[in-house]
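task: produce atomic coordinates for the following.
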Amino acid sequence: MSAPLLLATRSAHKAAEVARIVAPLGLAIATLADRGIPPAADEEGIEVFETFRENALAKAVYFARLTGSAVLADDSGLRVDALDGAPGVRTKRFSGRDDLAGQPLDDANNATLLDRLREVPDERRGARYVCCAAVAWPDGRALAALGSVEGRIASEPRGEGGFGYDPLFHVPALGARFAEVSPAVKDAMSHRARAFRALASRLHSSPWPL
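Below you'll find the model as predicted:
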């Protein structure tokens, strides 16, 4: 396995999931915390774009230039048909609760989503998780790849696994929410897994060394 690549995230849940996904691809990751990179105020101005691809690339480029090494990043979120694709790139901030983080923020976002869909019948609750995975080098070169998975939003949360909107995201192909299945089952078909597998395929055929 290659030397660990820096993954630009401060989410322990996301880091664990990405580590599981990329290990079979011959990649290993280290987090910002692993490298001792403290949070900085200007990080709040990185993910300000209207697409997952732009945000993922912006994050990867920012930390590649900061650290002088190749950096992996992703931006992902939920697009709900009945909400015209919202929350989209504002998935993490959907509730508007800037005072929360971690599980309390997830709970607030899920409650906001349920409230917005209260009058929407099951047949109109189609949704998809979308992820863009990116890698950037300090000189500005970058690659990106997209992945998605179709599902629908349930009327109540269920399951103890996953994170984010997983307790509400029902996957018909599994007959279960992402929060109800094992990490291995989720990793086999999740939006993040599909995006990072596609990115790894591009990396393996790229002339640019990691």
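
how about the helices in this protein?
12-22, 52-67, 102-116, 183-189, 191-204 (DSSP state H).

relative to helix 12-22, how tilted is the third one?
Helix 102-116 and helix 12-22 are oriented at 90 degrees to each other (axes from the mean of the first three to the mean of the last three Cα atoms, to 10 degrees).

got CSV for the helices of the chain, with mean pLDDT, mean neighbour count and distance to G36 too?
In short, each C-beta sits where N, CA and C put it, glycine included. CSV is the format used below for these (pLDDT from 0 to 100; neighbours: other Cβ atoms under 10 Å; distance: least, Cβ to Cβ, whole Å):
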stretch, mean pLDDT, mean neighbour count, distance to G36
helix 12-22, 93, 18, 15
helix 52-67, 97, 22, 11
helix 102-116, 96, 16, 21
helix 183-189, 95, 16, 27
helix 191-204, 92, 20, 24
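
kindly reformat these as a markdown table containing distance to T31.
Formatted as a markdown table, those follow (distance: least, Cβ to Cβ, whole Å):
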| stretch | distance to T31 |
| --- | --- |
| helix 12-22 | 5 |
| helix 52-67 | 11 |
| helix 102-116 | 15 |
| helix 183-189 | 18 |
| helix 191-204 | 15 |
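
indicate which one of the ones you listed is closest to D81.
Taking Cβ to Cβ, helix 102-116 is the member of the helices of the chain nearest to D81, at 12.3 Å.

for that closest one, name the packing helices and strands.
On a contact count with 3 or more Cβ pairs under 8 Å, 6 or more residues apart in numbering; DSSP states H and E, helix 102-116 meets no helix or strand.

go again using 10 Å as the cut-off
With contacts taken as 3 or more Cβ pairs under 10 Å, 6 or more residues apart in numbering; DSSP states H and E, helix 102-116 sits against helix 12-22, strand 71-80, strand 142-153.

which of those sits closest to A64?
Minimum separation from A64 across these (Cβ to Cβ) falls at strand 71-80, 4.3 Å.

thinking again about what came up before, mind putting the helices and strands packed on helix 102-116 in CSV, distance to D98 included?
Output for these, formatted as CSV (distance: least, Cβ to Cβ, whole Å):
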stretch, distance to D98
helix 12-22, 19
strand 71-80, 17
strand 142-153, 24
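
ok, now which ones touch the most far-flung residue of the chain relative to its centre?
Going by Cα atoms, centre = their mean, the residue of the chain most distant from its centre is E119, 28.0 Å out. Residues near E119 by Cβ atoms under 10 Å, 6 or more residues apart in numbering: A82.

check the gap between it and A173 for me.
27 Å (Cβ to Cβ, to the nearest Å).

how about I37?
I37 is 38 Å from A173, by Cβ to Cβ.
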